[in-house]
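Visitor: build me a model:
(chains A, B and C)
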Amino acid sequence: MPITLLLLLPALALVGGVFLWPLLRYGWLSLQASSVLTGLVPVPNGGANWQRLLADARFWQDAAQTLRFAGLSLALELLLGLAFALLLHRPLPRRGLVRALVLLPWALPTTVMALGWRWILNDPFGPLNGVLRSAGLPAYGFLSEPATTWVFTVLADVWKTTPFVALLLLAGLQAIPAELEEALRLEGAGPWQRLRRLTLPLLAPYLLLAALFRLAQALGVFDLIQVLTGGGPASSTESLALYAYLNAMRFLDFGYAATVMLGMFALLLALSALVLLVQGLRQRLQQARGLS
Amino acid sequence: MPAGSQLSRIGFGGRRLRALTAFLCTLALLACCGAGLAGLGSARPVEVSVLMPAPFADATAPLVAAFNREHRDLQIAVTRGPLDTEALSDLAISSLLLGDTPYDLLLMDVTWTPKYAAAGWLEPLEPLLGDHAMEGMAPGAQLGNAFGGHLWRLPLLADMGLIYWRTDLMAAAPRNLQELQATAADLQRRGVVPWGYVWQGRQYEGLSCVFLEVLRDFGGDWLRPGDSREAELDSPQAVAAAGWLAELVRSGVTPAAVANVSESESLQIFGAGEAAFMRNWPYAWAELQKPGSAVAGRVGVVSLGDGTQGSWGFSMLRGSDHPQQAAAVMRWFTGEPTSRELALRYGYTPVWQSLLDDATLQAQLPLLPVLRQALERTALRPLTPLYAQLSDVVQRQLSALITGADSAQTAMAEAQRQSELILRAAAPAA
Amino acid sequence: MAKPLPPRGGHTLPLLAALGWSLLPLVWQLLTSLRTPEALVLQGPGAWLQGWTLANYRQVLQGDPPFWRYLLNSTLLGAASTALTLLLAIPAAYGLQRQRAALRGALSLLLLAAAMFPYVLLFLALLELARALGWGNQLLALALPYAGLSLPLAVLLLRAAFADLPPELEDAARLEGLNLWQRLRWVLLPLLTPAIASTAILVFLFSWNEYPIALTWISRSDLLTLPVAMARIAGSSVYAVPYGAFAAATVLGGLPLLGLVLLFQRQIVSGLTQGAVKG
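Guide: So this is what the prediction gives:
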């Protein structure tokens, strides 16, 4: 076996162990009825769980809500993350300290900062409402209005994870040879043109990677929602992961929980395939344009 | 140089060497056996492991330390669980799912008991504690511990929902919910307080507790009494109860922010003097009397109707290595002396009728007479392994209702429909 | 390798905005940590003149075991996870990059798919594994699932970094007679330091903040990692939310992190100014 494949094996083995086993186990569980009603003893029930999933309005509602959350979150993070990465790439005064401070939100545990956000968004005592009040505006129920609560959960998520995207993109920026940028500048290209013609194309693989990872993470949002709203108000912020968790740990319905988790995973794969497809199509389009 | 050849140089030849080796081995063997026997004889202390939420662990820590000092043969090891009770349940369930749990006792919420029992995780207690373990406990405190012919849990404390009112804003406590609503609206209209009545309206278990109290007050019930397989959420009483809560929010007596208010937020609002009434558990009383509170000394407490019972009790996990000792620890934790200490130091609601009737305790704990009266009758949430699903249905519908969705009629009809689906699924197995 | 760009003005405003965005909520946490619970709800002009206290810090620091113990546990575990991940990811990334396009694409897709499963849902199945293998209550055993969960991202990131290196570099080294290990050690890895540093930070922070797996694998108080220990910070009752104490724990837990990230930043900067490949 060529040495290059051998180098891959240990990593693949560990990844396989950590991911494959749960997936297989959930696959098996999804074909069983295993809940308090069966005394937690798995009883094969064919595809009953899957039939239930397809007809489960709550699953699809949560899927839509999770997609909505992930979409807005991703869009904001990519924009902000790129802006931060470009900013941090520059020779700023005390660049190290600035970078560390900008990266700090990512460094803190989700559950603790979620509690912090719950307080910041508190109606009526939180500081955000304090700012509103001092501006003469009425207090707002950031986390109690069903139509807009999800936007503020996105805010808390974007605040925490933008540094992650920024770091990813920064790694990509550092790989761009400075001579190329210099050459473009000497040609007279302004900053936006340099961004469009040089930076973004070279950053594309990192952007795609960041997008896919953040999409997956956002689709799996759980602790943030649980602490901020518990899924409410009016179930408007309930995510798929929260639904799966409810089924497993509260309702003790493990068969169905496994089905929900695999359903989530299937949706994720479909979405990623879509993103990659679009990306591939765009690349082919660009190549075609380049050739003509 | 190998030891053998060295020894032979000093004169330890073959046979003597073997004899010495055999002698040393026998000595070693005897030493081990002796140590083992000595260990058996000197009764290494049995350690009973208890998992409880952090606040309870902190409160009972001095008492546990005293117990451990007094008893050489029995030690209690308390594991501080997460603050959030759901996270504690996760931790317990995770360890139980793998069949080999390190805990003997679990301090758990009353609504978990049927679920854990149906999952086969609990040890029935009557063989260890006898059939009269709860004799002497207040009626309201006894609920929720025994069902299916077995005793599954011994209560440590039994809370119930109470109404807190501002003694400086009204002459007397309201006698029923309608009076509460009228007084609250009046005070708010006159601008005395920004809000009339705060309660827990976040989409979580607390909302179910609030709803049950109002439901009982309107004469309805969650499940049909006597038949735990039929829900009664679409009865006129249930619709009226849900409608009453929605009306509170719609009319502004209760702030719309209540849709994300749990116990701590409602305490903050009432404690800052911003509301005339609050629904909360007994713990809030002590918090409101603290020096920094804006309403210290101006708060009264009353029990209107059947308060939802919220009790914490000990269950023994199946597979415990020392059930007898665990039962002894359980009896100690829930016994009268410990209960008295916990009541005096931390204001825990005692479950023993004798303590509730005790005049000296009543003198030291001003809340005790109210608790005593409240514990005569409490509202128990449905005692079924499917309670989590049923509560989830009610939470969803109520949260939608109080944030402006259609009408109480449609909300409760939907709640009834979904509850029926859940209960019907259980029917064949029941 | 990118040279530092000449300093240019006009970045003060974006800089302040970025710092404000990142730091204001944390500043608020700092303030909350110094307030009594009653002071949190005070409104009006006099609100900020009273209610200051160090009680929250006292509560957090006087726990048993002491707070620094959790920091130590998290640091050890983070270092172990990072080391293990890098040890496995660097060769894997190199190997992946050297594969034929078809195999490389397929494996990359698999790794991507693996990384996308929301890991919070894996914890139940992983717990079964832990019990079966007897890894419960062993701090460093956590490094294995953490490395497993971080590897996909690490491998993909490092593979992209390997791909950015000009192939002539390695060819030149091979012609000079360096074997694989020497090529990696002396030629390729030094050029990858920024990417490695970035990857290391990501892995370390993931390990630092991870909660559900740590919660269920470890129950011994002295082995707890920081997030799990923080979840056990209690108020006076099950219904009390100790905002102040949590805020204090956030501050205390964030300070060493700030220091660590600061240290790492120097690595990146020095990596940038190292000798670069010309042309």
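Visitor: quick check on B:Arg166: phi, psi?
Guide: phi -90, psi 110 (degrees, to the nearest 10).
Visitor: quick check: it touching B:Ala294?
Guide: No: checked against CB atoms under 8 Å, the pair B:Arg166 and B:Ala294 is beyond contact range at 10.8 Å. C-beta here means a position set from N, CA and C on the backbone, and glycine is covered the same way.
Visitor: just the C-alphas of the strand or helix carrying B:Val214, formatted as CSV.
Guide: According to DSSP states H and E, B:Val214 maps onto helix B:205-217. C-alpha atoms of helix B:205-217 as CSV (Å, rounded to 0.1, in the frame of the first residue of the first chain):
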residue,chain,number,x,y,z
GLU,B,205,-42.8,23.1,32.4
GLY,B,206,-43.6,26.1,34.5
LEU,B,207,-46.3,27.1,32.1
SER,B,208,-48.0,23.7,32.6
CYS,B,209,-47.9,24.2,36.4
VAL,B,210,-49.5,27.6,36.1
PHE,B,211,-52.2,26.3,33.7
LEU,B,212,-53.1,23.4,36.0
GLU,B,213,-53.8,25.7,38.9
VAL,B,214,-56.0,27.9,36.9
LEU,B,215,-57.7,24.8,35.3
ARG,B,216,-58.5,23.4,38.8
ASP,B,217,-59.8,26.8,39.9
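Visitor: write out the residues of chain B neighbouring chain A.
Guide: Within chain B, the residues that sit near chain A (CB under 8 Å from any CB of the partner chain) are B:86, B:89-90, B:93, B:115, B:118-120, B:202-204, B:255-261, B:265, B:268-269, B:272, B:274, B:385-386, B:388-389, B:392, B:395-396, B:399-400, B:403-405, B:425-426, B:429.
Visitor: follow-up on the earlier one: report the buried residues of the helix holding B:Val214.
Guide: B:205-217 (16 or more other CB atoms under 10 Å in any protein chain shown).
Visitor: burial count for the residue in the stretch 101-250 of chain C that chain A sits nearest to?
Guide: Using CB to the nearest CB, the closest approach of the stretch 101-250 of chain C to chain A is made by C:Pro118 at 2.4 Å. Summarising burial for C:Pro118: neighbours were counted as other CB atoms under 10 Å in any protein chain shown, giving 21.
Visitor: isn't A:Leu74 up against A:Ala218?
Guide: Yes: counting by CB under 8 Å, a contact exists between A:Leu74 and A:Ala218, whose distance comes to 6.0 Å.
Visitor: for the chain, which segments count as helices?
Guide: I went with chain A, as the question did not name one. Counting by DSSP state H, chain A has helices at residues A:3-29, A:48-55, A:57-89, A:95-107, A:110-120, A:127-134, A:149-174, A:178-187, A:191-194, A:200-219, A:223-228, A:240-245, A:254-291.
Visitor: could you do chain C instead?
Guide: C:12-33, C:37-40, C:55-61, C:67-97, C:101-116, C:123-133, C:143-164, C:167-175, C:180-182, C:189-191, C:193-209, C:212-217, C:226-231, C:243-273.
Visitor: rank those by pLDDT, which is bottom?
Guide: Sorting those by mean pLDDT places helix C:243-273 lowest, at a mean of 72.
Visitor: and for B:Arg166 and B:Ala294, which residues touch both?
Guide: Common neighbours of B:Arg166 and B:Ala294, counting by CB atoms under 8 Å, 6 or more residues apart in numbering or on different chains, are B:Gly273.
Visitor: related to what we said a few turns ago, tell me which of the residues of chain B next to chain A fall in helices.
Guide: Filtering the residues of chain B next to chain A for helices - DSSP H - leaves B:86, B:89-90, B:93, B:115, B:118, B:265, B:268-269, B:388-389, B:392, B:395-396, B:399-400, B:425-426.
Visitor: for the residue of the stretch 101-250 of chain C closest to chain A, give me the pLDDT.
Guide: 76.
Visitor: likewise A:Pro93?
Guide: Reported pLDDT for A:Pro93: 77.
Visitor: quick check: it vs chain B, distance?
Guide: When CB to the nearest CB, to the nearest Å is applied, the distance between A:Pro93 and chain B equals 42 Å.
Visitor: show me what contacts that residue?
Guide: For A:Pro93, no residue meets the contact criterion (CB under 8 Å, 6+ apart).
Visitor: re the thing from before, near chain C, from the residues of chain B next to chain A?
Guide: B:90, B:268-269, B:272.
Visitor: what about the closest residue to C:Ala229 other than its chain neighbours, how many residues nearby?
Guide: The spatial neighbour of C:Ala229 that comes closest, neighbours along the chain excluded (CB to CB, 6 or more residues apart in numbering or on different chains), is C:Tyr70 at 4.2 Å. The tally of other residues near C:Tyr70 (other CB under 10 Å) stands at 25.
Visitor: residues contacting C:Tyr70?
Guide: C:224-226, C:229-230.
Visitor: select only the buried ones of those in ChimeraX?
Guide: Here is the ChimeraX command that selects the buried residues among the contacts of C:Tyr70 (16+ other CB under 10 Å):
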select /C:224,225,226,229,230
